[in-house]
Structure formats: structure tokens, C-alpha cells
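J.: I would like to see how this sequence folds:
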Amino acid sequence: MHPLVILVIGIATIITLIVVFRVHAFISLIVSALVVSFLAPGDVAQMVPRVALEFGSAAGKIGIVIALASVIGVCMMESGAADRIVRAFMHLLGERRAPVALTGSGYVLAMPVFFDTVFYLLVPLARSLYRRTGKNYLLCLLAIVAGGAITHTLVPPTPGPLVMAAQLQVDLGVMILAGMAVALPTAAVGLLFGSYVNRKILLPMRDVPGLPVTEPLPDDRLPPLGLSLLPVLLPVLLITTQTVVAAAAENDPGVKENYLPYAKLVGDANLALLLSAAIAMYLYVRQRRPSKEQVAHLTETSLMSGGVIILITAAGGAFGAMLKAAEIGPAIEQLFAGTQVSGLMYLGLGFVISVVLKVAQGSSTVAMITASSMLAAMLQVGIEPDGVIADKLGYHLVYLALAIGAGSLVGSWMNDSGFWIFVKMGGLTEVEGLKTWTPLLAVLGSTAMITTVILALIIPLR
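T.: Here you go, the predicted structure:
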């Protein structure tokens, strides 16, 4: 069977199972990986084992990091570290610039903490501000989304960016730095768009059944700001240090021999996140004085939520590996034989594929996993040397990952869990959500894509 036909069948299987039959994303991706494996060339006896093997390989690359990130996020919430970061932004910028503070808080917190948790944390603050000022409630909600959604989509260790980096074999430090660079101006544009929407739509604050109204803790019961930021900043510092030292080692044998091994040790994502998790758990114990049973329960709960994400992302890795086994890359090369294919076309292709998958099935993570799997297979990542792929594209593969991440924001509507979190916690109607959330995410995705293209042209990083 022709590889492109296998590709269409694989994608159609995922979308049909998720959209039509409401099958869980993990099972949908595993079934699709098996379908592609059965249709791809190879030993019949190995068609099922190779899916399991690639699933294990993908889990080995990202499993520990995702699990530890889940622990970090929960501990930061429970210890008050996340609350301390939010208050620091508020104190720095003042109540008049509260939307900017909420965007900054979302931007920082959504790196280690899942978006729904960040939104849940910050919504009470938006409601409190409205009670005092009587204005800009919608702007505060959209400001949270502008900061939180973009780093959740572009910056590891959140699952989507983490898996894209693994699929496309992008150095994690490069992914973090490039993701933050694209996310910062994108969040600013999102805040400006939120201000525009706030002027056009007069939205009252409504009561939200089930949303707890809790009194904020006094400042003296929260951890210090430096300690609160440490679980976020430490892994970024360690991982990017490895990236910087590795770049310096390319031109300096002394650095390569004397410093690079140690930089690789401390900059390993698994170790960096483990140290960060230890600090986050220390903060929880320091602030809450829990019993051993409470610590164990908190850890177990956070790991259970991370386990589902690990299953989904590892299944996506197996699906991508089966696309490579189906020889998608050579088929694409043959399809465009004799024509000049611009590297920017791959950015556009990654963006469009991600948008289509997002609109069809709703999950940004699934869209990123599937699209990056397809593009990795097309470019034969892991088969062709990195230098050959970079020469073909004209830019670093990190930009392709960012384009895919940008596309996964566009087209969010009622099949996206984030849409319902925004609507239900914010006290909006479905129509109001479609008029506010959906266009804001489209603006964020489009801005991130434009920024990515500009950076790929002026700073190709080859």
C-alpha cells in the first residue's frame, strides 16, 4: 500500500475514534499505531511488538519528566508558592495593571502547572478585582488565558512541547528558550486583543456554582518569593546551561573535555525536574506541615494525573514511529521530486496540520503529538543526519515544533476541554465563550506562527 494512503488511514482512524466514537485519546493513538504498523512493510511477527517497543522508547524519553512536572505543579499550588508568584506580580505592577500581572502570572505558572489548574488558581483573583473595581472582569479572564495558554503550548515541561521536542529531536534547552521567546510577544498581543474584546463585549460577573469562595492566606503564611520561583527557574537554568555549554564545546575542545560531561549531568531533564520536585515538596511540607499520609496522598494524586498524560504521549510516539516504518518520508520526497520545496512550506504544513487536528478532535496535546509525528516521519528525523535536515529546511527544527504548537491553539471550540474550563469557571455562556475564548486563541496561535517565521528567517540557528 502507498505510504500516503497509510498516512491518511492512520489520521482518519485517530479522528474517527476520538470524534465519532468518543474513545479515549490513548486507546485511539495505540489503535492507530497498530493499524499503521499492519499496513507498513516489515516482518509480520514484529508488527505488534514494534508498536510496544516504540511506546516504551517514547515513555522512556518523556515519562519521568511529565510525572515530576505533575508533582511540581500540585505542590506549588498546595504550598502557596503559586499564590506567592501571583501576588508578587500584583505588588510589582499594582491593581491598575492587574491584567498585565495576571498575564505574567499565567505565563510563568503554566510552564510547570497544567493550564486548567492555573486558570482555577487565578479566576478567584479576577473575581475579587471585579468586586473592588466593578470593571474589566472579561479582560482579567482573557489576560489569564493569554499568558497561560501560550506557555502551556510552547514551553516544556508541559506535555505537548515536551513530546514535540522528543519527536523532532530538538534539544530541550533550545525548546525552552525558543518557546519562551515566541511566547512573550504572543502573550502581549493576546493581552491587547483581550483589551479590545473587553471594550466590545460588556460581560457581567455571574455566580459560579461549585466554585469555592476562600479567603486568601495572609502573606506571612506563604513561602518566600525566591523559594516559590525556584521550582520553575531551576530546571530552566540547568537545562539551558547544558545547551549553552554544548554550543561552546563545538568550538572549544577544552570545554568539551572538562565541562560538557558535567553540564550534561546536571542539565539532564530528568535530574533537573527531580531536583525541582524535591524543592516543591519541601515547600509543601514547610508551609503546610502535613502528615506522612497527606504527603503520600498528594504525591499519588499528582502522579495519577500525570500518568494519563504519559500514556497519551507515549502512544503518540509509537504512532509517529510507525509512520516512519511506513516510509512516509521517502514518499513525500518522491511526491515533490523535481520541484523546489521551500523550508517555510514545512512550517506552514506543520501549522495547518495541527490546526486541522485541533478543530477536528479538540485536544492541543493530541494535535501536537500527531502533527509532530507526521512531520518527523516526512523529514526522516532520526534517520537523516541533523545537518542534512537543517540544510533542507534552512532553519533549526525547533521552529517547526513551535509552528505545530502555534497551530494547536487555533480552532478551539466546544470539543476542547479548555473551552469548558474557561466558560464554566468564568461564568460565561457557550455563545460568549465562542465570541471571546475562540478568537483569542486564534490570535495567540496566529501571532506565535508569525513570530516563529520571523525568527526562523533572521535567526535560523543552523
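J.: per-residue confidence at Arg462?
T.: Taken from the predicted model, the pLDDT recorded for Arg462 is 77.
J.: Nearest spatial neighbour of it, chain-adjacent residues omitted?
T.: Ala390 (4.7 Å; CB to CB, 6 or more residues apart in numbering). C-beta: built from backbone N, CA, C; applies to glycine.
J.: Now do the phi/psi pair for Val381.
T.: phi -60, psi 130 (degrees, to the nearest 10).
J.: still on that earlier bit, element containing the residue nearest to Arg462?
T.: Secondary structure assigned from DSSP states H and E places Ala390 in helix 386-393.
J.: for that helix, the distance to its chain's centre please.
T.: 25 Å (CA atoms, centre = their mean, to the nearest Å).
J.: repeat for stretch 119-133
T.: Relative to its chain's centre, stretch 119-133 lies at 25 Å (CA atoms, centre = their mean).
J.: For it, C-alpha coordinates in PDB please.
T.: Once non-C-alpha atoms are left out, stretch 119-133 reads as follows in PDB (Å, rounded to 0.1, in the frame of the first residue of the first chain):
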ATOM      1  CA  PHE A 119      -6.900  29.100  35.500                       C
ATOM      2  CA  TYR A 120      -8.600  27.700  38.500                       C
ATOM      3  CA  LEU A 121      -6.000  29.400  40.700                       C
ATOM      4  CA  LEU A 122      -6.300  32.800  39.100                       C
ATOM      5  CA  VAL A 123     -10.100  33.100  38.500                       C
ATOM      6  CA  PRO A 124     -10.800  34.000  42.100                       C
ATOM      7  CA  LEU A 125      -8.400  36.800  41.900                       C
ATOM      8  CA  ALA A 126     -10.100  38.100  38.700                       C
ATOM      9  CA  ARG A 127     -13.400  38.000  40.600                       C
ATOM     10  CA  SER A 128     -12.000  39.700  43.600                       C
ATOM     11  CA  LEU A 129     -10.700  42.500  41.400                       C
ATOM     12  CA  TYR A 130     -14.100  43.000  39.800                       C
ATOM     13  CA  ARG A 131     -15.800  43.200  43.200                       C
ATOM     14  CA  ARG A 132     -13.400  46.100  44.200                       C
ATOM     15  CA  THR A 133     -13.400  47.900  40.900                       C
END
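J.: pLDDT averaged over it - what is it?
T.: Mean per-residue pLDDT for stretch 119-133: 87.
J.: try stretch 51-62
T.: Throughout stretch 51-62, pLDDT has a mean value of 94.
J.: what's the answer for stretch 102-112, then?
T.: Mean predicted lDDT for stretch 102-112 stands at 94.
J.: what's Ala277 in contact with, if anything?
T.: Ala277 makes contact with 68, 71-72, 75, 231 under the criterion CB atoms under 8 Å, 6 or more residues apart in numbering.
J.: what packs against the helix holding Ala390?
T.: Packing partners of helix 386-393 (3 or more CB pairs under 8 Å, 6 or more residues apart in numbering; DSSP states H and E): helix 343-361, helix 364-379, helix 397-407.
J.: what's the very next helix or strand once past the last one packed up against?
T.: Same thing as helix 397-407. Downstream of helix 397-407, the first helix or strand assigned by DSSP H and E is helix 417-426. In terms of contacts (3+ CB pairs under 8 Å, 6+ apart), helix 417-426 is packed against helix 115-133, helix 137-154, helix 430-458.
J.: Give me the contacts around helix 417-426.
T.: Taking contacts as CB under 8 Å, 6+ apart, the residues outside helix 417-426 that touch it are 115-116, 119-120, 123, 141, 145, 149, 208, 211, 362-364, 412-414, 428-430, 432-433, 437-438.
J.: Those, buried ones only, as a ChimeraX selection?
T.: Only the buried entries of the contacts of helix 417-426 go into this ChimeraX selection, using 16 or more other CB atoms under 10 Å:
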select :115,116,119,120,123,141,145,149,208,362,363,364,412,428,432,433,437,438
